Structure formats: C-alpha cells, structure tokens
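Student: Could you look at this predicted model? Sequence included:
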Amino acid sequence: MPKEIDRQKLLDLMQIYKAHLEKELGAKLEGQPSKPTTREYQEFKAEFLPPHMGLYEKLCNLSEKLLKIKPDAKKAAELQEAINITHLSITPSGTVSFSFLIPLVGALFGSLLAYLIFQSTFFVLLFVVGALAAIKPLGKAPEFIANNWRLKASNQMVLCIFYVVTYMRHTSNLEKAIEFASQHLAPPLSLDMKKVLWDVETEKYSTVKESLDAYLDTWKKWNLEFIESFHLIESSLYEGDEARRLNALDKALDVILDETYEKMLHYAHNLQNPITMLHMLGIILPILGLVILPLVVSFMEGVRWYHLAFIYNVVLTVVVYYLGKNILSRRPTGYGDTDISEENPELKKYRSILIKVGNGEFQLSPLVISVLVGVVLFFIGLSPLIFHAIGVSDFGIGAEDLTNPCGQKYCFLEYRRSATTNIEIGPYGLGAAIASLFIPLSFGISIGLYYRLKSKNIIKIREKAKQLELEFANALFQLGNRLGDNIPVEIAVGKVADVMEGTVSGNFFQVVSLNIRRLGMSIERAIFDPLHGALVSFPSNLIESSMKVLTQAIKKGPLIAAQALTNVSRYIKEIHRVNERLKDLMADIISSMKSQIKFLTPAIAGVVIGITSMITAILGKLSGQLQQVTSDVGGASSGAPLGILGLFGEGIPTYYFQMIVGIYVVQITFILTVIANGVENGADKLSERFLLGNNLIRSTILYVFISGAVMLLFNIIAGRILTATLSG
C-alpha cells in the first residue's frame with residue numbers, strides 16, 4: 001500500500017513538473033489538450049460527417065446482411081482505399097451489395113407506382129433503365145465521396161504546410177506542429193491530422209513520423225508535392241545546423257506553392273473543352289431542342305408534358321450534374337476559403353435574420369421567409385389549374401372573337417375540347433402562360449433568397465477578415481521590426497496601431513493595445529479573450545495562427561518573436577501571390593461561365609419560350625379552323641379534312657412547356673454556379689451559397705422578364721398574322 005501511494009505521488013509530481021516545463025518552454029498552449037483522445041476524435045468525426053454519410057453507412061451495412069455480394073480483389077482494394085480516406089465504417093462488400101439492392105428495390109416499387117398512377121409503360125421502362133444505369137455509380141459511391149473529400153482537403157494543403165512550417169520554425173517538434181495545424185485547419189484535413197495523432201495514441205503506430213508517413217501514402221496518386229513538403233519538414237528534424245534546418249522548412253513551403261501553380265496551369269489549359277461540351281450538352285442543345293418539340297409533339301400521339309418534364313428536369317439534369325462533378329474531380333490542389341461560421345460557433349447566429357427587439361435580438365430563420373415567398377408565388381403559378389378545377393368561368397382581353405372559349409381575342413384559361421378523345425385539355429390561354437412564369441420564379445426566388453439571407457452576413461464578416469489578411473503581412477513585418485529593436489510586445493503593438501491608423505490592421509492592433517492598457521490584460525488575453533479579445537471582431541484562422549505564433553515565440557524573447565513574425569509575414573505574402581496567379585489563370589474560363597449563368601442561359605430560354613408560345617398558338621388556331629371546316633363539309637364522313645386535323649394533333653400547352661423550361665433554367669443555374677465556384681474557389685461552401693443566392697435570383701428574374709416580354713410580343717404578331725390570313 002505505501003508503495004502504491006509513493007507511486008501516485010511520483011506521478012503527480014511528474015505531471016506538475018511537466019506542466020511547468022511546457023509553460024516555460026511554450027511547447028503547449030494553456031487550455032489546449034496535448035493531443036486528441038479516442039473519444040474526442042470519435043466525437044469530432046460524428047460532428048463533422050454530414051447526416052447523409054451516416055445514413056449511407058447504415059444502408060450499406062444493412063444491404064450486406066440482406067444481399068451479400070463480394071467484389072473481386074482489385075475492386076475491393078480500390079473501394080477499401082476510398083473508404084479509409086473518407087473514414088466510413090463500411091466494407092467493400094457492403095458497398096457493392098448496396099449498389100445492387102437499392103436500384104432493385106427502386107425499380108420494383110417505382111415501376112409499380114408509375115404504372116398505377118400514369119397507366120403508362122414509359123415510366124416503367126424509365127425506372128428499369130434508370131435502375132440499371134444507377135448500379136455502376138452507386139458501386140463507385142465511396143470513390144465519389146473520396147474525390148469530394150480530396151477536393152476539400154487539397155484546398156487546405158497549402159495552409160496545412162504553412163501552419164506546420166510556421167510552428168516548427170520556433171519549436172522543432174513535429175507532433176506539436178501537427179496538433180497546431182489540426183486546431184487551425186477546417187475539416188476534412190483537420191480530421192486527417194487528428195487521425196494521425198489518434199493512431200499514435202491508440203498505439204496503431206509507435207511514432208508520429210510513422211503514422212504521418214502512413215497517411216501520406218494515401219496521397220501518392222494525387223498530390224506528390226504535399227508528400228514532398230512533409231518529407232522536407234521531417235528532414236529538418238535531423239539537421240544539426242540551425243540555418244540548414246530553417247532552409248529545409250522554407251523549401252517545404254516553396255515546393256507546395258510552386259507545384260500548386262504548375263498543376264493549376266495544366267488544369268486551366270485542359271478545362272476549355274470539357275466546359276464547352278458541358279455548355280453545349282447542358283444548355284444550348286436542350287433549350288434549342290424545345291423550339292421544334294411543339295411540332296414533334298403535335299405530330300406524335302401519346303407524348304405528354306410530364307414525359308418531357310421527366311427527361312429534362314430529371315434525366316438531363318442528372319447527366320449535366322455528373323459531367324460537372326467530373327470536371328471538379330480533376331481540380332488539383334488549390335488555396336481556398338472555408339465557412340468561418342462552421343469553425344466559430346459564435347458566428348452561427350449571423351446565418352439567421354437578426355431583428356433587434358429593444359435591447360435584445362430575435363433570430364428568424366431564412367427558411368421561414370423563403371418558404372413563405374415560394375408558396376405564395378407557386379400558388380399564383382397554379383392559379384389557372386385551380387380556377388379550372390373550381391369552375392371559374394374563362395375570361396380574356398382584346399377584341400371580340402367568338403372562336404375562342406372566352407369570346408375574346410386573348411383568353412386567360414382557354415381549355416379546348418379534344419377532337420379525338422373529346423376530353424377537355426389545356427390551359428392554352430396567353431394569361432395562363434404568363435401565370436406559369438410564377439412557378440420557376442417561386443423556385444428560383446425562394447431557393448436564392450434562402451442562400452442569400454443565410455450567407456450575406458457571414459460573407460461580409462469574412463470579406464472584412466480577408467481585407468485584414470491582405471494588410472496583415474505588412475503589419476506583422478512592422479511588428480517584427482519593432483520587436484527586433486528589443487521593444488516589449490505591449491508597447492510594440494501600440495506603435496504599429498499608430499502607424500497603421502485608419503486601416504483594418506490598425507484597428508485590430510488598436511483593440512489589442514486598448515485591452516492591454518485599459519483592461520490590464522496580458523498580450524495573450526488581449527488577443528484571444530472570448531469576450532473582449534481582438535479576434536472576436538476579426539475571425540480568421542490565418543490571423544489567429546499568426547497571433548498564437550507571436551504569443552508563444554515572445555516567451556523565448558523579443559528577438560525570437562521578431563524573427564518568427566518576419567517569416568510568417570513572408571509566408572503570407574507568398575501564399576497570396578500564388579493565389580492571385582491561380583485566379584488569373586482561371587479568369588477567362590470563369591468569366592465565360594459567369595456570362596452563361598447571368599445572361600446567356602436565361603436569355604436563350606426566354607426567347608425559346610416566346611417562339612414555342614407562338615407556334616402553339618398558331619397550331620391551336622389552325623386546328624380550331626380545321627375542326628370548323630370538317631364540320632362544314634360533313635364531319636367524320638369526310639376523310640381528307642379529318643386526316644389533316646389528326647396530323648396537327650392537340651399539342652402541349654405553353655403553360656406546361658414554360659414550366660419545364662423555367663424549372664430547367666433554375667436547375668442549370670444552380671449546377672453551373674456550383675461548378676464555377678468549385679473551379680475558382682475549390683470546396684468553399686460559404687462562397688457557393690452566396691453565389692447561389694445572387695445567381696438564382698438574378699437569372700430567374702431575367703428569364704421571367706424576357707419570357708414574358710417575348711411571349712406577349714410573339715403572340716400579338718401571331719394573332720395579327722392569323723387574323724389577316726384566315727379572314728383573307
């Protein structure tokens with residue numbers, strides 16, 4: 001018993017001395033865990049992985065129990081590699097079983113449901129073909145998820161090397177440097193860095209270097225410069241000469257920056273053809289094809305508007321999205337931003353609409369506003385169908401025309417009696433066609449409004465932080481020079497604030513200086529205090545990491561801190577320089593895609609709808625006149641006129657045509673915005689949401705305006721031509 005007590009006392013004493021040494025040497029920050037535990041890693045993984053990933057895991061594991069299909073050895077190895085990258089708790093067998101079982105169930109129930117509702121073999125065939133086509137993509141789902149994971153992770157690799165190099169310049173400790181990087185990176189690379197440490201803690205590997213090398217092996221096929229940079233960092237640990245050690249660290253950052261630019265250069269050159277093909281297959285051909293579809297439909301019996309809707313709004317959309325994702329999957333390492341509200345819980349409230357009530361704030365979800373607006377616009381779009389269903393009499397405008405159901409030139413509803421089936425069909429009216437514009441407007445405005453309201457406050461905060469980052473390199477250089485003169489950091493911060501007065505960086509250091517002088521805070525609290533710290537108003541991982549380097553390096557003296565800040569300043573400038581060069585490479589392609597999103601797509605679609613409306617009106621009028629001719633010459637007993645009447649058919653109302661094209665414009669705008677943002681910014685969800693909000697609202701309004709104007713103009717022209725022709 002005494003031995004046990006002595007042992008416990010010895011352990012306690014060791015912990016006290018260890019904590020004291022860490023505090024003196026600055027090897028660990030106060031309040032930060034030394035390394036993530038098993039529980040912490042699992043909690044982090046559960047928090048980061050989105051809900052659909054957990055559902056996918058459950059479905060794969062269930063499919064493996066119900067229908068176990070084993071892939072061949074080569075396929076199993078590829079799937080296992082992708083599963084390891086994405087941290088999924090599934091097996092290759094479960095993935096393959098899922099790819100067969102889910103399409104089989106979907107085809108069975110989908111076909112039965114489609115046949116019961118539509119009584120058509122068209123949808124039955126589509127479900128069967130769709131299920132067969134889905135087997136291969138579902139079987140590759142882990143590889144697609146891994147590609148998406150790599151895209152997000154590769155966006156953060158430059159910053160990862162920056163954080164590790166920055167830390168190791170003043171403290172040559174690989175484990176602490178990786179921990180430092182994991183604290184400042186966003187998921188998924190932060191999860192990977194935590195996993196490297198976790199594998200050492202759980203004794204899967206004996207050293208951090210061994211665990212890191214095993215992780216780097218997963219990037220051999222895709223990112224050799226990331227591996228080379230880390231190997232240079234590891235080599236710095238064995239350098240006896242300080243100058244050579246620092247040179248190896250500098251070389252590590254130079255390698256990944258230079259290779260990033262070179263790979264992005266090749267990517268930009270090879271991107272022109274895929275983008276052109278995407279534009280032609282996804283926009284030009286489908287929308288222009290709708291010009292002749294009214295004629296095709298008029299001369300083909302059995303084709304209904306929902307057949308076209310399924311082809312355009314489901315099949316074609318999926319194909320375009322798949323092509324776009326393939327383009328993004330080939331994007332090399334870049335330098336992108338992250339959603340700062342994901343990293344800083346304090347900023348999550350800015351995703352909502354903030355309404356000040358007295359001294360407090362009321363948060364309203366953007367979803368409430370967007371759904372309310374969408375529902376109102378959607379019901380306006382459905383008004384022609386609702387009016388007809390409740391028996392509202394047709395009404396119209398213009399001169400008297402007894403050949404129309406409403407008795408006037410332009411009807412609102414204009415339902416017609418089918419000559420072949422004697423069923424009332426429509427609405428064919430110009431008013432109904434104009435009202436149908438509210439349906440795509442409801443989708444575009446509501447979805448765009450949701451993304452815009454959710455992101456606009458956060459994007460303002462990030463732009464402010466980015467402006468600070470641009471100036472921060474110069475501010476750090478000046479602060480480093482002041483510290484190099486052996487001035488205490490508390491005084492040096494105030495001097496830099498005075499010199500840079502009026503700038504964002506000056507405001508940052510002014511807050512730090514005021515916290516020190518007025519609130520009596522230490523330099524660390526003045527920057528990192530959760531209530532009054534300078535970083536509260538300037539949320540940026542780059543700035544936060546630079547300030548942590550300052551607070552740790554200052555413990556070793558002003559000269560060490562000066563050298564550390566000078567190098568951080570140089571690194572930030574180098575990263576910014578390469579990032580600007582990358583944007584310059586993509587400028588032509590991005591501007592082309594933006595012009596498609598903002599003008600070309602809605603303009604082409606709007607003109608096509610106007611032409612479609614005119615063709616439908618002309619065919620409808622001719623069909624009505626032919627019915628009258630048929631009845632005048634003896635009705636059904638006369639074969640020739642009836643044959644001509646059958647040739648023209650009933651056609652599809654402009655109301656449904658416009659609805660199909662309008663929704664397709666919204667879908668294409670969404671897809672092209674995601675692709676354009678991915679090409680330019682990588683996996684930047686905040687920028688993606690902000691661009692979606694702007695583009696969906698602008699493009700949809702432009703499409704509705706052009707469609708409405710061209711529709712009215714062409715129908716007036718068609719009406720005058722028909723009046724003159726038929727009266728003559």
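Tutor: Yes, it's here. Numbers count the residues shown, from 1 in each chain.

Student: What pLDDT does the model give the nearest residue to residue 83 once chain neighbours are set aside?
Tutor: Nearest non-adjacent residue to residue 83, counting by Cβ to Cβ, 6 or more residues apart in numbering: residue 142, 5.2 Å away. Heads up, the C-betas are built off the backbone N, CA and C, glycines and all. Residue 142 is assigned a pLDDT of 84 by the prediction.

Student: Wait, residue 142 touches residue 76, no?
Tutor: No: with contact defined as Cβ atoms under 8 Å, residue 142 does not reach residue 76; the gap is 11.3 Å.

Student: Settle it for me: which of those two has more neighbours?
Tutor: Set side by side, residue 142 and residue 76 show more neighbours around residue 142, with 25 against 16, by other Cβ atoms under 10 Å.

Student: May I have the residues that are in contact with the more buried one?
Tutor: With contact set as Cβ atoms under 8 Å, 6 or more residues apart in numbering, residue 142 has these partners: 79, 82-83, 86, 88, 90, 95.

Student: how about 10 Å then?
Tutor: Residue 142 sits next to 56, 60, 78-86, 88, 90, 92, 94-95, 149 when contact means Cβ atoms under 10 Å, 6 or more residues apart in numbering.

Student: returning to that earlier point: is it true that the residue nearest to residue 83 lies in a helix?
Tutor: Yes: applying DSSP: H, G, I helix; E, B strand; the rest coil, one finds residue 142 inside a helix.

Student: In helices, which of the contacts of residue 142 fall?
Tutor: If you go by DSSP state H, the contacts of residue 142 have 56, 60, 78-86, 92, 94-95, 149 in helices.

Student: what about residue 205, which helix or strand?
Tutor: Counting by DSSP states H and E, no helix or strand carries residue 205.

Student: What about the residue lying closest to it once chain neighbours are set aside, how many residues nearby?
Tutor: In this structure, residue 205 finds its nearest non-sequential neighbour in residue 211, 4.0 Å apart by Cβ to Cβ, 6+ apart. Residues lying near residue 211 (other Cβ under 10 Å) number 22.

Student: Are we agreed that residue 211 is in a strand?
Tutor: No: using three-state DSSP, the assignment for residue 211 is helix, not a strand.

Student: show me the residues around it that make contact.
Tutor: By Cβ under 10 Å, 6+ apart, residue 211 lies in contact with 175, 178, 195-202, 204-205.

Student: where's residue 576 relative to residue 186, distance?
Tutor: According to Cβ to Cβ, to the nearest Å, residue 576 and residue 186 sit 19 Å apart.

Student: Following the chain onward from the helix or strand of the chain with the lowest mean pLDDT, which element is next?
Tutor: Lowest mean confidence among the helices and strands of the chain (mean pLDDT, DSSP states H and E): helix 639-648, at a mean of 48. Using DSSP H and E, the helix or strand that follows helix 639-648 in sequence is helix 654-681.

Student: Next, report how far that following helix is displaced from the centre of its chain.
Tutor: 14 Å (Cα atoms, centre = their mean, to the nearest Å).

Student: Same question for stretch 121-140.
Tutor: On the basis of Cα atoms, centre = their mean, stretch 121-140 sits 26 Å off its chain's mean C-alpha point.

Student: Can I have the buried ones of the ones in helices among the contacts of residue 142 as a PyMOL selection?
Tutor: In PyMOL, this line selects whichever of these come out buried by 16 or more other Cβ atoms under 10 Å:
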select buried, resi 56+60+78+79+80+81+82+83+85+86+92+94+95+149
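
Student: Out of the ones in helices among the contacts of residue 142, which comes closest to residue 490?
Tutor: residue 149 (43.8 Å; Cβ to Cβ).

Student: Would you agree the closest one is in contact with residue 188?
Tutor: Yes: judged on Cβ atoms under 10 Å, residue 149 makes contact with residue 188 at a distance of 5.4 Å.

Student: overlap in contacts of these two?
Tutor: With Cβ under 10 Å, 6+ apart as the test, residue 149 and residue 188 both reach 85-87, 683.

Student: contacting residues for residue 228?
Tutor: With Cβ under 10 Å, 6+ apart, residue 228 has these contacts: 216, 251-252, 255-256, 259.

Student: Show me this structure divided up by domain.
Tutor: Following the assignment in automatic domain parsing, the chain carries domains at 1-31, 45-151, 155-270, 272-457+578-727, 466-577.

Student: Quick one: distance of the longest one to the chain centre.
Tutor: Meaning domain 272-457+578-727. 22 Å.

Student: Are we agreed that residue 361 is in a helix?
Tutor: No: if the criterion is three-state DSSP, then residue 361 is strand and not within a helix.

Student: Just give the number of residues close to it.
Tutor: Neighbour tally, residue 361, other Cβ under 10 Å: 11.

Student: And the pLDDT at it?
Tutor: 74.

Student: now do residue 708
Tutor: 91.
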